[in-house]
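# My questions are about this predicted structure, shown below with the sequence.
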Amino acid sequence: MKKLLVVLLALTVLGIFAFADDMAPAPAPIGTFTSWNTATVALYQSVNGATASTTWLPYWDKVPGIDQEWEFGYHGKNYQFYADLEFGMDNFGNVVNGAGQGQGFAGENASINRFSTTYDVVPGMLAVEIGKPRSGRAPGALAEGGSLGNFYLNSNFGADLQLLPISGFSATVFNYIPAGTNVPLSASFTGVVEYNMPNVFDINMMVSSINDEFTGGITITAIKPATFVLAWDYLQPTSTTTAWISGGGKFIPNLETDLDVAFKDNTNTSTTSIEAEAKAEYSFTAMYAFGVRVGYSDGKGAGLWGTNLGDIEDLGGVLVYPYVKANFDNGSYVSLGVSYESGANNNGSILQIPLSYVWSF
């Protein structure tokens with residue numbers, strides 16, 4: 001009898017704890033951590049027939065080589081925080097500007113490249129973000145996967161107000177407030193609007209007095225299986241207009257085909273430039289693929305080639321770039337190819353064997 005009472009008592013205690021556990025509120029998801037890096041190792045590179053060498057790409061990084069990003073955050077009830085530490089090679093913070101394109105804008109050259117806290121003041125309708133955010137940009141070209149437009153909130157210190165009045169629509173007003181610097185109101189404003197209709201189109205645009213810039217684009221997905229992109233970027237200080245149009249999709253099973261055309265006009269220097277690139281990639285299995293990129297550029301800097309992956313230079317002329325590729329989860333992959341650019345506008349030719357990769361989770 002005593003043993004039976006002991007067993008019943010134990011079951012009662014366990015039941016109380018189990019009931020209490022069921023009644024306790026579920027813990028909020030705490031933290032996220034993601035990591036991403038990309039690079040291209042030019043196993044062989046010869047410029048204009050010169051002696052072959054090896055080198056790291058992409059050149060758009062402030063420290064040409066492996067580009068790394070570590071992001072982590074916290075999600076509470078109606079608020080969240082994130083931080084993204086970005087650096088090239090082992091130069092933590094990207095504080096050294098290299099000879100490439102990545103000269104950066106005000107506020108970018110810091111060890112913690114971006115971070116912010118967002119408060120859903122009126123959940124689903126009104127949010128406030130404070131810190132150093134980077135988000136949003138004009139849609140990218142499809143073949144190369146890059147975006148010629150800058151990020152809308154480009155790692156600048158400040159605060160923004162986000163309005164979400166209806167489903168799919170958002171409007172953001174950002175005030176640039178760097179540390180220890182007084183910025184005239186006329187040079188501290190960024191406005192961003194976006195409207196998304198799922199499986200039909202997405203349009204977004206930005207006007208900013210920080211960089212005197214107007215940029216945006218529209219992505220059309222209503223005509224299956226095709227996707228079309230039209231985007232633009234205008235910089236007032238240099239009177240430079242860049243526009244690009246893309247189209248592509250899987251019209252044949254397992255075969256992705258894309259075409260990009262970019263145009264750039266600088267009225268200050270009376271210079272125009274045009275580039276085009278096409279890609280065809282066939283997937284033999286879910287993991288393995290073979291592809292080829294071909295294109296033409298006048299070598300005057302339209303900026304289409306190498307803006308995203310950075311696995312080739314932008315020297316112009318004729319581009320021929322066959323490659324093999326192995327795909328993994330979360331967008332990770334490794335590819336090996338042979339790229340050749342004939343060169344244009346006084347740029348020499350370049351032949352290289354790029355080993356490219358993206359690692360992410």
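That came through fine. Being a predicted model, the structure only gives us computed values, none of them experimental.
# CA only for contacts and neighbour counts going forward, please
Noted.
# all helices for the stretch 1-150 of the chain, in order.
Applying DSSP state H, counting those that start in this stretch to the stretch 1-150 of the chain gives helices spanning 2-23.
# show me where pLDDT drops low in it?
1-30, 61-62, 92-112, 145-147 (pLDDT under 70).
# In the stretch 151-300 of the chain, mark out all the strands, start to finish.
151-154, 158-163, 169-176, 189-197, 201-208, 213-220, 226-235, 240-252, 255-266, 271-283, 288-297 (DSSP state E, counting those that start in this stretch).
# From the contact counts, what lies against the fifth one?
The reference is to strand 201-208. strand 189-197, strand 213-220 (3 or more C-alpha pairs under 8 Å, 6 or more residues apart in numbering; DSSP states H and E).
# what is the mean pLDDT for the longest one?
Here strand 189-197 scores 96 as its mean pLDDT.
# returning to what we had before: can you redo the strands of the stretch 151-300 of the chain as JSON lines with mean neighbour count and distance to Ile130?
As requested, these are exported to JSON lines (neighbours: other C-alpha atoms under 10 Å; distance: least, C-alpha to C-alpha, whole Å):
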{"stretch": "strand 151-154", "mean neighbour count": "21", "distance to Ile130": "12"}
{"stretch": "strand 158-163", "mean neighbour count": "20", "distance to Ile130": "4"}
{"stretch": "strand 169-176", "mean neighbour count": "19", "distance to Ile130": "10"}
{"stretch": "strand 189-197", "mean neighbour count": "18", "distance to Ile130": "14"}
{"stretch": "strand 201-208", "mean neighbour count": "21", "distance to Ile130": "18"}
{"stretch": "strand 213-220", "mean neighbour count": "22", "distance to Ile130": "22"}
{"stretch": "strand 226-235", "mean neighbour count": "20", "distance to Ile130": "26"}
{"stretch": "strand 240-252", "mean neighbour count": "19", "distance to Ile130": "31"}
{"stretch": "strand 255-266", "mean neighbour count": "21", "distance to Ile130": "35"}
{"stretch": "strand 271-283", "mean neighbour count": "20", "distance to Ile130": "39"}
{"stretch": "strand 288-297", "mean neighbour count": "20", "distance to Ile130": "42"}
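# And these: which comes nearest Val318?
When the strands of the stretch 151-300 of the chain are ranked by distance to Val318, counting by C-alpha to C-alpha, first place goes to strand 288-297 at 4.6 Å.
# Note down every partner strand of the closest one and its orientation.
strand 271-283 (antiparallel), strand 317-327 (antiparallel) (DSSP bridges).
# Can you dump the C-alpha atoms of it in PDB for me?
This file holds the C-alpha atoms of strand 288-297, laid out as PDB (Å, rounded to 0.1, in the frame of the first residue of the first chain):
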ATOM      1  CA  TYR A 288      25.000  19.600 -60.900                       C
ATOM      2  CA  ALA A 289      24.700  22.100 -63.700                       C
ATOM      3  CA  PHE A 290      26.600  23.300 -66.800                       C
ATOM      4  CA  GLY A 291      26.300  26.900 -68.100                       C
ATOM      5  CA  VAL A 292      27.700  29.500 -70.400                       C
ATOM      6  CA  ARG A 293      27.700  33.300 -70.200                       C
ATOM      7  CA  VAL A 294      28.300  35.400 -73.400                       C
ATOM      8  CA  GLY A 295      28.100  39.100 -73.900                       C
ATOM      9  CA  TYR A 296      29.400  42.300 -75.400                       C
ATOM     10  CA  SER A 297      30.500  45.600 -73.800                       C
END
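# give me the number of residues near the residue lying closest to Asn330 once chain neighbours are set aside?
Among residues not flanking Asn330 along the chain, Phe361 sits closest, at 5.7 Å (C-alpha to C-alpha, 6 or more residues apart in numbering). Neighbour count for Phe361, taken as other C-alpha atoms under 10 Å: 11.
# thinking again about what came up before, between the strands of the stretch 151-300 of the chain, which has the poorest average model confidence?
strand 151-154 - the lowest mean pLDDT of the strands of the stretch 151-300 of the chain, at a mean of 88.
# and it, which strands flank it?
Checking strand 151-154 against DSSP bridges gives partners strand 134-137 (antiparallel).
# Give me the contacts around the partner strand.
Outside strand 134-137, the residues within contact range by C-alpha atoms under 8 Å, 6 or more residues apart in numbering are Arg114, Ser147, Gly149, Asn150, Phe151, Tyr152, Leu153, Asn154, Ser155, Asn156, Gly216.
# where's the first one relative to Glu144, distance?
Shown here: Arg114 relative to Glu144, a distance of 26 Å by C-alpha to C-alpha, to the nearest Å.
# Repeat that for the last one.
Between Gly216 and Glu144 the computed distance is 18 Å (C-alpha to C-alpha).
# For Gln45, state which of the contacts of strand 134-137 is nearest.
Among those, and counting by C-alpha to C-alpha, the member closest to Gln45 is Ser147, at 25.5 Å.
# Dump the strands of the stretch 151-300 of the chain to CSV, plus distance to Asp84.
Shown next, in CSV, are those (distance: least, C-alpha to C-alpha, whole Å):
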stretch, distance to Asp84
strand 151-154, 13
strand 158-163, 16
strand 169-176, 19
strand 189-197, 21
strand 201-208, 23
strand 213-220, 24
strand 226-235, 26
strand 240-252, 29
strand 255-266, 30
strand 271-283, 32
strand 288-297, 31
